[in-house]
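K.L.:
Below are the sequence and a predicted model for it; my questions follow.
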Amino acid sequence: MKSVVVFRIDRRSGVATYLQIVHQVEQALRMGALEEGDRLPTAAQVAATTKVNPNTTLKAYRELERAGLAEVRQGAGTFITRSLAQPLAGPESPLRNALSEWMRQAHAEGLSGQDVTALFRAAYEATYPPDAHA
């Protein structure tokens, strides 16, 4: 059992803090960084590292529980109950390696993070039209 999620809160993003926590857990589940049985950090631990009110973290964990991704075990903590990882998205997958190589090449060519984001978004939207991923 591991707990390898470190939350990064962007206070300027316009996204509610509790939703940032939910999205980061979902992302960690998709990437295989969190797996079934892993324990999430306590609200106090999250507060210590991010300066987020513990109630905000608890709200995020309740949302994860409602989604069936986590369960609160009284006195023991909050644990992941299922994975969202797809085999082709794991750390050793050929698709992820190809994307990482593309990112390194884009960086070497001098593209900024914003340039890469714009390119990715354009390619994503061309492949997954809005009505297809609703």
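P.N.:
Cool, got the structure. Residues are numbered from 1 along each chain as shown.
K.L.:
May I see the buried residues of the helix or strand hosting residue 97?
P.N.:
Using DSSP states H and E, residue 97 maps to helix 94-108. By neighbour count on 16 or more other CB atoms under 10 Å, the buried set for helix 94-108 is residue 106. C-beta here means a position set from N, CA and C on the backbone, and glycine is covered the same way.
K.L.:
Give the other helices and strands that that helix contacts.
P.N.:
helix 113-127 (3 or more CB pairs under 8 Å, 6 or more residues apart in numbering; DSSP states H and E).
K.L.:
Need the residues that contact the helix it packs on.
P.N.:
For helix 113-127, contacts defined as CB atoms under 8 Å, 6 or more residues apart in numbering pick out 103, 106-107, 111.
K.L.:
if we go to 6 Å?
P.N.:
residue 106 (CB atoms under 6 Å, 6 or more residues apart in numbering).
K.L.:
so that helix versus helix 94-108, what angle?
P.N.:
Relative orientation of helix 113-127 and helix 94-108, computed by axes from the mean of the first three to the mean of the last three CA atoms, to 10 degrees: 140 degrees.
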